[in-house]
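Participant: fold the following.
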Amino acid sequence: MAAGAALLAASVPSAAQTGCDDPERAAVVVVEVDGLIDPVLADLVGDQMADAEEACALALVLQFDSGGVVVDDAELDDLVAAIDESPVPVGVWIGPSGSKATDDAVRLVAAADLTGVAPGSSIEITPALLEARGLAADDLGTADVGDRVGAERAVELDLVDNDAPTILEYVVQIDGFETEVVDGQRQPATDVVFGGLGITGQVMHTVASPAAAYLLFVLGLALLLFELFTAGVGIAGVVGAGSLVLGCYGLAVLPTRPLGVALLLFAMFGYAVDVQIGVPRVWTGIATVSFVLGSLVLFDGVSISWVTLVIAFVGMTLAMVAGMPTMVRSRFSTPTIGRDWMIGELGAARTDIDPDGIVTVRDAPWRARTNRATPIPKDAPARVVAIEGLILEVEPEEGGARDYRERARSGE
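Facilitator: Reported below is the predicted structural model:
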């Protein structure tokens, strides 16, 4: 866990600052643990426990709000064992109001020496919590394993030690914590030091959240697809590559299903087919279905909010159906792209062109239009005579419109 030390914005005081031989100077260290317990947060807790021991801290308190764990079982077991065996008392306060402790994250709460839940917060009843508190399912009354209970009910069932509404009211209950009266008000005499993740740690922890990892991954794919069809390497390409790298890191940390990733990649392929043609068709529908399914099955055991999914569905659909074809068409209509080499090229009609259809030129499909008087049947040769935006103007390999154009140009 040594790597986690570089991610801390603040750490406990050094031994020289607190003085191991001066218990009156011992501090209480409060560390915020917010979100899924991933490798970054696991390193943070482990490093802070080691620093607290070195600094002879009075106690280490985890200000807790977590809905689960994404580290492997072995790493979680090691972390729980470290909390249980720590020479420095470790407490957990589930707060402020609105916080929670659910799923395997409750194991960290169960291993703590002093636990509290702020009013408005909740804790899930798990077998590990019952075992740690010496309770049985029969002791829960109307509650049951798997239920989430609030502060008052948790104290009533002896699942936690107190229902302190603030972190200060929680820490004053730690053995050895001293207070003093100043101007008629009770204030802490024991130092309270706050620690947490630094900038790099915050970024990596945020990226490893389900919503952020999902949005970064699909945004990166979409921007790279856009850059592919607009030529060159611009801002969209750089941002897309960065987003994709961060999104892949998040997916690697989280319990990600390969099927979900495969469906999202297939969706981008489907969108690319119709973007190349220049108009949404069957492949856009196939891609949209694949994108929705991939998004829904992407994670195993963790969920993405419906708000996030709706934003992604609507945004991707609008971008691929309307936005991207328009932008690509606009970009290709400028003279900087230089596609004059296509004029005179001989291709083949993939569909009947009468007057619109699809033509293949050098194995690439293009939207095409021909003179109304000279329709081109499917599979027949078609020659490119002009380019208008993303639409190729074509005519039969021999006769018809081509002869008419030559006569017009020669003044006959």
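Participant: for residue 108, what are its contacts?
Facilitator: 33, 37, 45, 62, 64, 66, 79-80, 83, 92, 101 (Cβ atoms under 8 Å, 6 or more residues apart in numbering). No exception for glycine: its C-beta is placed from N, CA and C like everyone else's.
Participant: and the pLDDT for it?
Facilitator: For residue 108, the model assigns a pLDDT of 96.
Participant: just residue 189 next, same as before
Facilitator: Confidence at residue 189, expressed as pLDDT, is 82.
Participant: what's the span of stretch 379-398 from first residue to last?
Facilitator: By Cα to Cα, to the nearest Å, the extent of stretch 379-398 from end to end equals 15 Å.
Participant: next, the buried residues of that stretch.
Facilitator: Buried positions in stretch 379-398, judged by neighbour count with 16 or more other Cβ atoms under 10 Å: 382-385, 387, 390-396.
Participant: now swap in stretch 283-303 and tell me
Facilitator: Neighbour-count burial for stretch 283-303 flags 283-284, 286-288, 290-295, 298-299, 302 (criterion: 16+ other Cβ under 10 Å).
Participant: with respect to residue 117, which of these is nearest?
Facilitator: Nearest to residue 117 among the buried residues of stretch 283-303 is residue 302, at 22.9 Å by Cβ to Cβ.
Participant: so that closest one sits right up against residue 66, yeah?
Facilitator: No. Using Cβ atoms under 8 Å, residue 302 is not in contact with residue 66; the gap is 11.8 Å.
Participant: between these two, which contacts overlap?
Facilitator: By Cβ under 8 Å, 6+ apart, residue 302 and residue 66 have these common neighbours: residue 36.
Participant: show me the contacts for residue 90.
Facilitator: Applying Cβ under 8 Å, 6+ apart, we find residue 90 in contact with 49, 59-62, 83, 111-113.
Participant: now render those residues as CSV, adding secondary structure and neighbour count.
Facilitator: Shown next, in CSV, are the contacts of residue 90 (DSSP: H, G, I helix; E, B strand; the rest coil; neighbours: other Cβ atoms under 10 Å):
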residue, secondary structure, neighbour count
49, helix, 25
59, strand, 23
60, strand, 28
61, strand, 27
62, strand, 26
83, helix, 23
111, coil, 21
112, coil, 24
113, coil, 17
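Participant: make a markdown table from those and add pLDDT and distance to residue 313 to it.
Facilitator: Below are the contacts of residue 90 laid out as a markdown table (pLDDT from 0 to 100; distance: Cβ to Cβ, whole Å):
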| residue | pLDDT | distance to residue 313 |
| --- | --- | --- |
| 49 | 93 | 43 |
| 59 | 94 | 47 |
| 60 | 95 | 43 |
| 61 | 96 | 41 |
| 62 | 96 | 37 |
| 83 | 94 | 41 |
| 111 | 94 | 41 |
| 112 | 94 | 41 |
| 113 | 92 | 46 |
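Participant: can you add distance to residue 142 and give those back as JSON lines?
Facilitator: Shown next, in JSON lines, are those (distance: Cβ to Cβ, whole Å):
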{"residue": "49", "distance to residue 142": "37"}
{"residue": "59", "distance to residue 142": "34"}
{"residue": "60", "distance to residue 142": "35"}
{"residue": "61", "distance to residue 142": "31"}
{"residue": "62", "distance to residue 142": "30"}
{"residue": "83", "distance to residue 142": "31"}
{"residue": "111", "distance to residue 142": "27"}
{"residue": "112", "distance to residue 142": "26"}
{"residue": "113", "distance to residue 142": "29"}
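Participant: torsion angles phi and psi at the nearest residue to residue 49 once chain neighbours are set aside?
Facilitator: Among residues not flanking residue 49 along the chain, residue 86 sits closest, at 5.3 Å (Cβ to Cβ, 6 or more residues apart in numbering). Backbone geometry at residue 86, expressed as degrees, to the nearest 10, gives phi -60, psi 130.
Participant: what about the nearest residue to residue 321 once chain neighbours are set aside, how many neighbours?
Facilitator: Sequence neighbours aside, residue 280 is the residue nearest to residue 321 in space, at 4.8 Å (criterion: Cβ to Cβ, 6+ apart). Close neighbours of residue 280, defined as other Cβ atoms under 10 Å, add up to 19.
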